[in-house]
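K.L.:
For reference, the sequence and a predicted model appear below.
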Amino acid sequence: MITQEIISDRQIEIIEAAGKILTRSGISGLTIKNLAKEMQFSESAIYRHFTSKEEIIVAMLEYLAHDMDMRYMQVTNSDHDALQKFKMIFENQFSFFEKNPHFVVAVFSDGLMEESVKINETILKIMSVKMKHLMPIITEGQHKNVFTNAITSEELIHIVMGTFRLLMFKWRVANFQFDIIRNGNNMIQSLLTIIKNQEK
C-alpha cells in the first residue's frame with residue numbers, strides 16, 4: 001500500500017490529476033485514458049506508477065488517511081480543552097475538504113466501492129483514524145462533565161461520525177454547491193447541543 005511517506009512526487013501529480021477528473025466527471029470519468037489526456041502523458045507512463053483505476057483510488061485514500069492523522073495529531077496534542085479540540089477537528093476537516101473535494105468523491109466512489117475490497121478497507125482505515133483521535137477527546141470531555149455521560153463514548157462517536165458522514169454525502173450529491181464551511185459549523189453547533197452536558 002502507498003503511504004504519504006513513500007509516495008513519489010509523480011504519483012502525487014497523478015493523484016491530483018485524478019482528483020480533478022473525479023470532481024469534474026465522477027468515478028465513471030476516471031479512466032487511465034482520460035488521466036493520460038489530462039496530464040498529457042502516454043497511458044503507459046501512467047501504468048508505470050499505477051496498475052489500475054482502483055489502485056489510484058486506494059492511493060488517494062491512503063494519502064488522505066495519513067494526512068488526516070498528521071493534522072488531527074496536531075489538534076489532539078495541543079493544550080486546548082476537549083470542547084475546543086472537538087470543534088477544531090471538524091473545522092480542520094471541513095476546511096481541508098473545501099479545498100480538496102475530490103477526496104470526498106473518492107470516499108463515496110459509487111460502483112467501484114461495491115466491487116473493491118481494497119477501497120472498502122482503506123475507507124475503514126480513514127474512519128479508524130478519525131475514531132483514534134476523537135475517542136480521547138470525547139472521553140476527556142465526559143470525564144470533565146463537558147459532554148454527556150448519559151450514553152457511552154462509543155455511542156457518542158457513532159452519532160458524531162454518522163452526522164459528519166451524512167453531511168459530506170449530501171455535499172457530494174449536491175455537487176459541492178452549498179457552503180460546506182457554513183453548513184459544517186452549523187453541524188458542529190448542533191452536535192454540541194446534543195452531546196454537551198446540559199447541567200453545565
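P.N.:
Great, that's in hand.
K.L.:
quick one: the helices in this protein?
P.N.:
In the chain, the helices defined using DSSP state H lie at 9-29, 32-39, 43-47, 53-76, 82-99, 102-107, 112-115, 117-143, 153-173, 180-195.
K.L.:
Buried deepest among the ones you listed, which one?
P.N.:
With neighbours taken as mean count of other C-beta atoms under 10 Å, those reach their highest mean count in helix 102-107, at a mean of 23. The C-beta positions use only the backbone N, C-alpha and C, and glycine is treated the same way.
K.L.:
who does it touch, helix- and strand-wise?
P.N.:
Judged by 3 or more C-beta pairs under 8 Å, 6 or more residues apart in numbering; DSSP states H and E, the packing partners of helix 102-107 are helix 9-29, helix 53-76, helix 82-99, helix 153-173.
K.L.:
So what touches that helix?
P.N.:
Outside helix 102-107, the residues that touch it by C-beta atoms under 8 Å, 6 or more residues apart in numbering are 18-20, 22-23, 26-27, 57, 60-61, 64, 96-97, 123, 126, 168, 171-172, 176.
K.L.:
Select, out of the helices and strands packed on helix 102-107, the one closest to S116.
P.N.:
If you check each of the helices and strands packed on helix 102-107 against S116 by C-beta to C-beta, helix 53-76 wins as the nearest, at 5.3 Å.
K.L.:
okay, the angle between the closest one and helix 82-99?
P.N.:
If you take axes from the mean of the first three to the mean of the last three C-alpha atoms, to 10 degrees, helix 53-76 sits at 150 degrees to helix 82-99.
K.L.:
for helix 53-76, packing partners?
P.N.:
Counting by 3+ C-beta pairs under 8 Å, 6+ apart, helix 53-76 packs on helix 9-29, helix 82-99, helix 102-107, helix 112-115, helix 117-143.
K.L.:
so which of those helices gets nearest N149?
P.N.:
Among the helices and strands packed on helix 53-76, helix 117-143 comes nearest to N149, with 5.2 Å by C-beta to C-beta.
K.L.:
Now do the closest one against helix 53-76, angle only.
P.N.:
Using the same axes, to 10 degrees: helix 117-143 against helix 53-76 is 10 degrees.
K.L.:
just checking, what packs against helix 117-143?
P.N.:
Looks like helix 117-143 contacts helix 53-76, helix 82-99, helix 112-115, helix 153-173 (3+ C-beta pairs under 8 Å, 6+ apart).
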